[in-house]
Each structure stands twice: as C-alpha cells, then as structure tokens.
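S.K.: Just the structure for this:
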Amino acid sequence: MFVEDELQERGVRVVGPAATVADALQLLQGAEADGGLDAAILDLNLAGESGMLVADALMRAEIPFMIMTGYDHSLRLGLHAGAPCLRKPFAAQELLQALAALMDKVQAS
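M.R.: Okay, the predicted model is just below:
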C-alpha cells in the first residue's frame, strides 16, 4: 500500500492497515494493550463503512489522528472537524508533510 510503504521507508512503525471498521477497532485495542499509538491516519471509507466510529474511538483514547479522504470539501466531520484532512489523491511529500505537522502539533501540546 502506498501510505504504509512511504511511512515504513522512513522508519515509521506502522500498525495496520485495517480494511474494515472492525479491523481498525481491533488494531486500536491491540495497540493500546501494547503501549499505545503516537498518531493515526484514518481513511473515512473502510470497505464501504464510515470510519467515523474509528475516529470516535481514537478521540476517546486521546490519540491524535488525521483523516485522508477522496470525498469532497462539503464533508461533515462533526466532532472531528478540527482533525487535519488530507484529500486524495495526494503525493508522498504531501502525506509526509501532513504527518510531520500532526506530530509537531502533538509535541507542542
């Protein structure tokens, strides 16, 4: 996968990917038991299911995350409107810049 490959090439430990909401929630639960996650990148469309349930779980666990989506700008994110959003398609450099900005924000808080 493009995202996973780009991150691993730069030394980022990747947990996943998750193809479905159930898979994502299971990965999140396993990661929490194993020391947690520094951040997450969430696609809003997981095998036709809304990733918002995963976003809710990440928020409850206080795990910073960014959203990647091919949906248009009228997307309503509700409680997650403040989450950084990377619009598909995107280049590797855009992914890396968005993740770096997310991590900078986490470290600053």
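S.K.: any idea which helix or strand carries the residue nearest the centre of the chain?
M.R.: Centroid-nearest residue in the chain, with Cα atoms, centre = their mean: Ile41, separated by 1.5 Å. Element membership for Ile41 (DSSP states H and E) is strand 40-43.
S.K.: Following that strand in sequence, what is the next regular element?
M.R.: strand 45-46.
S.K.: List the contacts of the very next helix or strand once past that following strand.
M.R.: Remark: after strand 45-46, the chain's next helix or strand is strand 49-50, criterion DSSP H and E. Here strand 49-50 makes contact (Cβ atoms under 8 Å, 6 or more residues apart in numbering) with Thr20, Val21, Leu44. Just so you know, the C-beta spots here come from the backbone N, C-alpha and C atoms, and that holds for glycine as well.
S.K.: Test my guess that the residue nearest to the centre of the chain contacts Leu99.
M.R.: Yes. Contact criterion Cβ atoms under 8 Å: Ile41 and Leu99 qualify, at 7.1 Å.
S.K.: Which residues are in contact with each of the two?
M.R.: Common neighbours of Ile41 and Leu99 (Cβ under 8 Å, 6+ apart) are Met66.
S.K.: Just the buried residues of the contacts of strand 49-50.
M.R.: Buried by 16 or more other Cβ atoms under 10 Å: Val21, Leu44, out of the contacts of strand 49-50.
S.K.: got TSV for the contacts of strand 49-50, with pLDDT and distance to Ala92 too?
M.R.: Formatted as TSV, the contacts of strand 49-50 follow (pLDDT from 0 to 100; distance: Cβ to Cβ, whole Å):
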residue	pLDDT	distance to Ala92
Thr20	96	25
Val21	97	26
Leu44	88	20
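S.K.: I am finished for the moment; much appreciated.
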